[in-house]
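Participant: Quick one: sequence and predicted model below, then my questions.
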Amino acid sequence: MSSDPAQLKMVKDIGSQDILMCLTRVPGTERLIYGSSDFKVYDVDMAVEKPKAEPLNGEGHGSYVTGITLAGRHIVSGGYDCRLVWWDVSSRTQVRAADAHEKWIRRVQASPDGTVVASVGDDCVCKLWDAESGRLLHTLTDHKPITPHNFPSMLFAVAFSRDGRLMATGDKVGHVAIWEMPSAKKVGEIEAPLMYTWDPRQRRHSIGGIRSLAFSPDGKHIAVGGTGQIGNVDHLEAPARLEIFEWATQKRTLEMQDAKYKGLIERLEWHPSGAWIAACGGDHKGFVSFYEPNGKVIRQLDAHQHAHDFAFNDDWTKLFTVHHGRLQAWSLKHEPAEAEIPASVG
């Protein structure tokens, strides 16, 4: 059965007392691993009738768990305690932990082949780790730790291309660096400054930044998600913002602000066909949106409060999202019209 974002509908809604902040899925299953504001990493099977989340076994984290990824036979999580923790997928137990960053970790992402793990944080450093041994491979420092207005910056986003040959990192002031893998050599950069707001009058601070990145299937374009210029820096009141670049030429091919939803685009993913891009995020209210690469909206629905992360199943017919106080499952299954249903042969 094919995937069709125009058919998007919510099919399962599970409550939680905590903020669910990051998500990954075990391939071939509907087993989800997510990080929570209660400092724990949870495992839940969404294929059963009444899913029940169980914490993984180990010392884990001492603060919010904000990034998680599946890398080979390990799950790797990162948190505001600046630590990375390796967990065994099968036994659901902790394998090792490392003091990885000097400030909060924002996102953790594995390469498509599962051999390398990238972590980014508020120290504006991207670190690359051997997924199996935990050995540090590279430390990348292209992003400036201080904004042009002399306030701390942050490195929020990291993403690999589908073939694993490229990686991108994006920061608070709208700077994106493109890296060649596995050498970790910088090969390009783009700028999306309108995702960053500086307010010198009200609170003398800045807000926004690039929160999500996704390469097109061929690796030639990159989608950048965040929010537009914010009038009141105490609230995420600007429209959600999406830009697409042909990164090698720095040409911007799309610049759009969502007419329906405000807040941050926290997560982006490009469908393998290249036909559409999925996004989630929000301000106090969450959203799930699907766009064509030209910016045309395919389908948008409200989601429970702010949506932090998502994961698709293997055939892209199901989407799982994590929120403030919620885990939700969505269906994208193509439902053929009556005329399309073949007549039985008797």
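Facilitator: That came in fine, so what should we check first?

Participant: what residue is smack in the middle of this protein?
Facilitator: Arg267 (3.6 Å; Cα atoms, centre = their mean).

Participant: Give me the distance between that one and Lys251.
Facilitator: Arg267 sits at a distance of 24 Å from Lys251 (criterion: Cβ to Cβ, to the nearest Å). Where C-beta positions appear, they are placed from N, C-alpha and C, glycine not excepted.

Participant: now swap in Gly79 and tell me
Facilitator: 37 Å.

Participant: Give the residue from those two that has the larger number of neighbours.
Facilitator: Gly79 (30 against 11; other Cβ atoms under 10 Å).

Participant: ok, that one - contacts?
Facilitator: The contact partners of Gly79, taken as Cβ atoms under 8 Å, 6 or more residues apart in numbering, are 35, 39, 61-67, 85, 104-105.

Participant: nearest to His323, of those residues?
Facilitator: Nearest to His323 among the contacts of Gly79 is Gly35, at 12.9 Å by Cβ to Cβ.

Participant: how about the nearest residue to that closest one, chain neighbours excluded?
Facilitator: Val65 (2.8 Å; Cβ to Cβ, 6 or more residues apart in numbering).

Participant: if we can go back for a sec, which pLDDT value belongs to the residue nearest to the centre of the chain?
Facilitator: Reported pLDDT at Arg267 in the predicted model: 98.

Participant: Quick check on it: phi, psi?
Facilitator: phi -150, psi 140 (degrees, to the nearest 10).

Participant: So it sits against His306, correct?
Facilitator: No. Counting by Cβ atoms under 8 Å, Arg267 stays clear of His306, with 11.4 Å between them.

Participant: Check the contact lists of the two and give me the overlap.
Facilitator: By Cβ under 8 Å, 6+ apart, the residues touching both Arg267 and His306 are Gly281.

Participant: pLDDT score assigned to Arg165?
Facilitator: Reported pLDDT for Arg165: 98.

Participant: Nearest spatial neighbour of Pro112, chain-adjacent residues omitted?
Facilitator: Nearest non-adjacent residue to Pro112, counting by Cβ to Cβ, 6+ apart: Gly164, 4.5 Å away.

Participant: helix, strand or coil for the one you found?
Facilitator: Three-state assignment for Gly164 (DSSP: H, G, I helix; E, B strand; the rest coil): coil.

Participant: just use 58 as the starting number from now, easier for me
Facilitator: OK, 58 is where the count begins now, so the last one is Gly221.

Participant: ok, it - contacts?
Facilitator: 168-170, 238.

Participant: Please name the bridge partners of Ala386.
Facilitator: As for beta bridges, Ala386 partners with Lys69, Phe377 under DSSP bridges.

Participant: For the residue lying closest to Gly276 once chain neighbours are set aside, give its distance to Ile334.
Facilitator: In this structure, Gly276 finds its nearest non-sequential neighbour in Ser218, 4.2 Å apart by Cβ to Cβ, 6+ apart. Separation of Ser218 from Ile334 (Cβ to Cβ) stands at 15 Å.

Participant: Please apply the same query to Gly221.
Facilitator: As judged by Cβ to Cβ, Gly221 and Ile334 stand 20 Å apart.

Participant: same question, Lys69
Facilitator: Distance from Lys69 to Ile334, by Cβ to Cβ: 23 Å.

Participant: Could you check which of these two has the larger neighbour count?
Facilitator: Ile334 (25 against 15).

Participant: Could you count how many residues lie near the residue nearest to Gly92?
Facilitator: When neighbours are counted by other Cβ under 10 Å, Val122 registers 29.

Participant: my guess is it meets Ser134, correct?
Facilitator: Yes. Val122 lies in contact with Ser134 (Cβ under 8 Å); the separation is 5.4 Å.

Participant: if we can go back for a sec, what's the closest of the contacts of Gly136 to Ala280?
Facilitator: Closest approach between the contacts of Gly136 and Ala280, by Cβ to Cβ: Gly124, at 19.3 Å.

Participant: For the stretch 258-403 of the chain, give me the ranges with low pLDDT.
Facilitator: Low-confidence regions of the stretch 258-403 of the chain, defined by pLDDT under 70, span residues 258-264, 286-293, 393-403.

Participant: could you redo the last one with a cut-off of 90?
Facilitator: Applying pLDDT under 90 to the stretch 258-403 of the chain flags the ranges 258-266, 284-296, 316, 319-320, 340-342, 361-362, 391-403.

Participant: Quick check: the gap between Ala104 and Lys69.
Facilitator: The span separating Ala104 from Lys69 equals 10 Å under the rule Cβ to Cβ.

Participant: Now do the phi/psi pair for the residue nearest to Gly276.
Facilitator: Reported as degrees, to the nearest 10, the phi and psi values for Ser218 are phi -70, psi 160.

Participant: what's the burial count for it?
Facilitator: Applying other Cβ under 10 Å, we find 22 residues neighbouring Ser218.

Participant: quick one: contacts for it?
Facilitator: 169, 224, 272, 276.
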